[in-house]
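In: Just a sequence and a predicted model for now, questions to come.
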Amino acid sequence: VSRAEQTEINEGRGFPDGTVALDITVVPRKRIHEALREIVLVGRDFAGVDITREPIHIKPGNHYTMGGVKTDIDGATEIPGLYAAGEVACVSVHGGNRLGANSLLDTLIFGRRAGIHAATRSKRGEVGRPSKALLADERRMIDELIGRERGSGRRVSEIRNELGETMDKYVAVFRDETGVQTALDIVRRLKEEAASAYIDDRGSVFNQDVLGAIELGFMLDNAECTCVAALERKESRGAQYRTDFPERNDDDWLRHIDLRQNEAGPEIDYSDVTITQWQPAERTY
């Protein structure tokens with residue numbers, strides 16, 4: 001559906017704002033409120049549109065991270081005591097794609113397993129203490145961030161907006177080597193600019209600007225990993241559609257790409273795909 005929408009937009013059959021129209025007015029109003037109540041509220045609050053009475057303009061958007069922090073089936077990572085579950089984690093039970101409602105399995109099943117495993121571990125007294133040196137480093141980082149002079153660089157919000165626009169343009173529904181490489185170059189420039197980005201709020205209590213600046217660093221790391229993996233995987237599979245490699249290639253790419261961040265950038269490694277009952281098959285609809 002996303003590819004169909006983006007094709008209409010790219011080929012000039014969308015609206016000037018880069019969207020197409022979603023019309024569900026043929027569905028009885030009562031049924032829409034029963035099944036899509038939150039969507040009705042979102043349309044009203046953010047677009048000023050009553051979707052029960054008129055079409056709403058839409059376009060493909062980022063919804064779910066297909067991949068994430070690598071865990072075992074108990075949500076444990078390779079860092080002792082650190083667990084991940086839900087959309088942040090990658091247990092790899094869904095293959096290359098994210099179908100509707102898969103997040104329920106990721107969150108409820110593996111969230112429960114992670115909670116039970118973490119509780120059992122804590123009862124054994126295996127609770128680590130934070131490094132005082134690392135805590136001191138974090139405090140210095142926050143103090144330095146708050147202390148940056150206005151105008152010393154770009155605003156955090158400006159960098160974040162450019163990051164979103166870049167990924168949306170080059171690493172979205174359709175990808176190719178030139179576009180993804182362009183995005184990777186921009187992301188790496190933004191990482192350099194983020195080192196001198198400044199914030200407006202200098203407060204020390206629940207400072208949302210500080211949280212946003214720290215989050216920006218994580219977002220840039222993730223964007224860099226996404227670009228590197230998209231370039232490395234020279235095929236189309238799941239949500240990755242490479243227009244320069246439109247076919248799936250099981251001979252070379254039926255494997256996971258594992259990335260680890262280091263000072264020089266993401267380090268690439270691979271791991272095998274475990275296939276049990278269901279063999280990979282072409283999506284033909």
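Out: That came through, no problem.
In: residues touching the residue positioned nearest the centre of the chain, list them.
Out: To find the centre residue of the chain, average its C-alpha atoms and take the closest one (Cα atoms, centre = their mean): that gives Thr65, at 4.1 Å. With contact set as Cβ atoms under 8 Å, 6 or more residues apart in numbering, Thr65 has these partners: Glu87, Val88, Asn222. To be clear about C-beta, it is placed using only N, CA and C from the backbone, and glycine gets the same treatment.
In: where do the strands sit along the stretch 151-285 of the chain?
Out: With DSSP state E, counting those that start in this stretch as the definition, the stretch 151-285 of the chain shows strands at residue ranges 255-262, 265-272.
In: Minimum distance to Ile199: which of these has it?
Out: Of all the strands of the stretch 151-285 of the chain, it is strand 255-262 that lies closest to Ile199, at 23.6 Å by Cβ to Cβ.
In: pLDDT score assigned to Asn102?
Out: On pLDDT, Asn102 comes in at 68.
In: cool, and Glu126?
Out: 69.
In: By mean pLDDT, flag the weakest helix or strand of this protein.
Out: Taking mean pLDDT, DSSP states H and E as the measure, the helix or strand of the chain with the lowest value is helix 102-104, at a mean of 73.
In: Could you point out the helix or strand that follows it?
Out: Secondary structure here is assigned by DSSP states H and E; on that basis, the next helix or strand after helix 102-104 toward the C-terminus is helix 110-123.
In: which residues sit against the following helix or strand past that next one?
Out: Sequence order places helix 132-147 as the next helix or strand after helix 110-123, per DSSP H and E. Outside of helix 132-147, the residues within contact range by Cβ under 8 Å, 6+ apart are Ile199, Arg202, Ser204, Asn207, Val210, Ala213, Ile214.
In: I'd like to know how far the last one sits from Gln208.
Out: With distances defined as Cβ to Cβ, to the nearest Å, the gap from Ile214 to Gln208 amounts to 11 Å.
In: related to what we said a few turns ago, may I see the PyMOL selection of the buried members of the contacts of Thr65?
Out: Selecting only the buried entries of these in PyMOL, with 16 or more other Cβ atoms under 10 Å as the criterion:
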select buried, resi 87+222
